[in-house]
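A.B. asks: Generate a structure from the sequence data that follows.
(chains A, B, C and D)
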2 protein chains.
Amino acid sequence: MTTTDPKQKSDTAEQILDLAETLIQTRGYSAFSYQDIADGLGIRKASIHYHFPSKTDLGIAVMDRYVARFGAALAGIAEDQSQSSMAMLDVYVEPYVAYAETPDRVCLAGALAGEILALPAELRSRVDGFFRTHQIWLTEILKRGAARGEFRLAAPADKVGRFIFGALQGALLVKRTTGDVWQMRDVITAMKSELKAGA
Amino acid sequence: MTTTDPKQKSDTAEQILDLAETLIQTRGYSAFSYQDIADGLGIRKASIHYHFPSKTDLGIAVMDRYVARFGAALAGIAEDQSQSSMAMLDVYVEPYVAYAETPDRVCLAGALAGEILALPAELRSRVDGFFRTHQIWLTEILKRGAARGEFRLAAPADKVGRFIFGALQGALLVKRTTGDVWQMRDVITAMKSELKAGA
DNA sequence: TTGACTCTACCTACCGATAGGTAGACAATC
DNA sequence: GATTGTCTACCTATCGGTAGGTAGAGTCAA
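C.D. replies: Numbers count the residues shown, from 1 in each chain, chains lettered A, B, ... in the order given. Below is the predicted model:
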């Protein structure tokens, strides 16, 4: 950095995190290597080990950043209580739509979940926490929508929450394979129609 | 084999396929090795290469067998037209429930989809075909149910089909990570309630 | 002001383990 | 005697990780 930038983390560490996140989301945790990152950034493998001693450390750092980013987003959505619950849901699904419109990206947690048995315990627990948090958050929004007469839930909110969350994660998985950009849009259309039905 | 068994494929080849299928479903395609199979069956790596020259060949054989098995099942379900559409759906989701009740298994196609970019093209196209076939099949059942007045669809059948298929695949993914056996049951409960709503 | 020292951030060069895959010997069977 | 199936022994490539060195910026006492 030539400018006087009071940044906390070094620029290199940040670049490593960014590329690692992309690589995990597209190829998976086991399938990306320190060499891939080294090649991508034009540095040596050992330099990555300097910033992130082990692959586990790097994986944890990537996931923690992702969780924090999403956590802030979830809190932000629920903050403005003047919004309709459907509007909140619309904001929630935005990242899914965005990922679905890239060629190969899926949710980071979804990518890690696909190879959960190959992951170190510290990563496993974080993916688990991500899933639980999101399903609970969705359940709360659904309850709110039902209480306000916006949604008509055919089943208890927590079950519908799991249904919707699974559908979003599944849609990303299917879309990456089939390449059909309508996969995610159709799922969201169906989801919203189901919630509005009878309202 | 000591008994006179007029089997087509050798017993060893069959055992290799069985174990490979299990390993892909639990660990993933990239994460299992010929050594794992050799250790599991008490044979040498080179013997596996005799039956399946490359890992790609083995992967294709496993997937083709799986697709054929499922294809026969789908045809079987739709055969008896005296059944209700909900009964057909119940039979369809049986394998998902069964996988969800194992510690770590997911759908073979789902497992492969998780690392689709690391797969040889021949495998990729098969996973793609599997997804398309199942979504089309589900759509047909939904249309039938709607026509018979069993289901009330809030959105076009193909969109609901994608919604349901994604939810089932996503539920397996989430369940394996969280270990919550209710994940799949809750999703199926919600799905059936949505379909019955208003009927 | 200068020399000794420390720390950061990178480097080259290597390690043992494991991956998928191959060559060829050796029995058993048809 | 050819075919089938399994073996031992080996190959090359790559993995995550380590050892040790170095250039440069900052610190600080003489």
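A.B. asks: My guess is A:Glu115 contacts A:Phe32. True?
C.D. replies: No - judged on Cβ atoms under 8 Å, A:Glu115 makes no contact with A:Phe32 at a distance of 11.3 Å. In this view, the C-beta of every residue, glycine as well, is placed from N, C-alpha and C.
A.B. asks: mind listing what's buried in the lengthiest helix in chain A?
C.D. replies: Ranked by residue count under DSSP state H, the longest helix found in chain A is helix A:121-147. Using 16 or more other Cβ atoms under 10 Å in any protein chain shown as the burial criterion, the residues of helix A:121-147 that qualify are A:123-124, A:126-128, A:130-131, A:134-135, A:137-146.
A.B. asks: What of stretch A:191-199?
C.D. replies: Residues A:Met191, A:Lys192, A:Ser193, A:Glu194, A:Leu195, A:Ala197 are the ones in stretch A:191-199 that count as buried (16+ other Cβ under 10 Å).
A.B. asks: quick revisit: which other helices and strands does the longest helix of chain A contact?
C.D. replies: helix A:55-79, helix A:85-100, helix A:108-113, helix A:157-178, helix B:157-178 (3 or more Cβ pairs under 8 Å, 6 or more residues apart in numbering or on different chains; DSSP states H and E).
A.B. asks: Figure out which of those helices is closest to DNA strand D.
C.D. replies: helix A:55-79 (3.5 Å; Cβ to the nearest atom of the strand).
A.B. asks: Return the set of buried residues in the closest one.
C.D. replies: A:55, A:58-63, A:65-67, A:70, A:74, A:77-78.
A.B. asks: what about stretch A:177-187, average pLDDT?
C.D. replies: Stretch A:177-187 shows a mean pLDDT of 96.
A.B. asks: for stretch A:134-144, that is, sorry about that
C.D. replies: So the average pLDDT for stretch A:134-144 ends up being 97.
A.B. asks: pull the CA atoms of that stretch into PDB?
C.D. replies: Provided in PDB are the C-alpha atoms of stretch A:134-144 (Å, rounded to 0.1, in the frame of the first residue of the first chain):
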ATOM      1  CA  HIS A 134     -30.900 -19.400   9.200                       C
ATOM      2  CA  GLN A 135     -33.700 -21.800   9.700                       C
ATOM      3  CA  ILE A 136     -34.600 -20.200  13.100                       C
ATOM      4  CA  TRP A 137     -34.500 -16.700  11.400                       C
ATOM      5  CA  LEU A 138     -36.800 -17.900   8.600                       C
ATOM      6  CA  THR A 139     -39.200 -19.400  11.200                       C
ATOM      7  CA  GLU A 140     -39.400 -16.100  13.000                       C
ATOM      8  CA  ILE A 141     -40.200 -14.200   9.800                       C
ATOM      9  CA  LEU A 142     -42.800 -16.800   8.900                       C
ATOM     10  CA  LYS A 143     -44.400 -16.500  12.300                       C
ATOM     11  CA  ARG A 144     -44.500 -12.700  12.000                       C
END
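A.B. asks: now it, how far from the chain's geometric center?
C.D. replies: Computed by Cα atoms, centre = their mean, to the nearest Å, the chain-centroid distance of stretch A:134-144 equals 16 Å.
A.B. asks: Also stretch A:40-52?
C.D. replies: Its chain's C-alpha centre and that of stretch A:40-52 lie 25 Å apart, by Cα atoms, centre = their mean.
A.B. asks: can that stretch be found next to chain B?
C.D. replies: No - against chain B, stretch A:40-52 shows no contacts by Cβ under 8 Å from any Cβ of the partner chain, the least distance being 15.4 Å.
A.B. asks: and that stretch, which residues are buried?
C.D. replies: A:Gly40, A:Ile43, A:Ile48, A:His51, A:Phe52.
A.B. asks: ok, of these, which one's closest to A:Lys175?
C.D. replies: Checking the buried residues of stretch A:40-52 against A:Lys175 with Cβ to Cβ, the nearest one is A:Gly40 at 24.7 Å.
A.B. asks: nearest spatial neighbour of that closest one, skipping sequence neighbours?
C.D. replies: Leaving aside its chain neighbours, A:Gly40 sits nearest to A:Leu19 (5.2 Å; criterion: Cβ to Cβ, 6 or more residues apart in numbering or on different chains).
A.B. asks: Close to DNA strand C: what parts of chain A are there?
C.D. replies: A:Ser10, A:Thr12, A:Ala13, A:Gly42, A:Ile43, A:Arg44, A:Lys45, A:Ala46, A:Ser47, A:Tyr50, A:His51 (Cβ under 7 Å from any atom of the strand).
A.B. asks: From DNA strand D, how far out is the residue nearest to the last one when sequence neighbours are not counted?
C.D. replies: Looking back up the chat, that one is A:His51. Leaving aside its sequence neighbours, A:His51 sits nearest to A:Ala13 (Cβ to Cβ, 6+ apart; 4.5 Å). Per Cβ to the nearest atom of the strand, to the nearest Å, A:Ala13 is found 15 Å from DNA strand D.
A.B. asks: A:Ala13 is in what secondary structure piece?
C.D. replies: helix A:11-26 (DSSP states H and E).
A.B. asks: how about stretch A:112-125 as PDB, C-alpha atoms only?
C.D. replies: Taking Å, rounded to 0.1, in the frame of the first residue of the first chain, the C-alpha atoms of stretch A:112-125 are listed here in PDB:
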ATOM      1  CA  LEU A 112     -18.900 -27.000   2.900                       C
ATOM      2  CA  ALA A 113     -21.900 -29.200   3.900                       C
ATOM      3  CA  GLY A 114     -21.400 -31.200   0.700                       C
ATOM      4  CA  GLU A 115     -18.200 -32.500   2.100                       C
ATOM      5  CA  ILE A 116     -18.900 -32.200   5.800                       C
ATOM      6  CA  LEU A 117     -17.200 -35.500   6.700                       C
ATOM      7  CA  ALA A 118     -13.900 -34.300   5.200                       C
ATOM      8  CA  LEU A 119     -13.900 -31.100   7.200                       C
ATOM      9  CA  PRO A 120     -12.100 -30.400  10.500                       C
ATOM     10  CA  ALA A 121     -14.500 -30.200  13.500                       C
ATOM     11  CA  GLU A 122     -14.100 -26.400  13.800                       C
ATOM     12  CA  LEU A 123     -15.500 -25.900  10.400                       C
ATOM     13  CA  ARG A 124     -18.200 -28.500  10.800                       C
ATOM     14  CA  SER A 125     -19.600 -26.800  13.800                       C
END
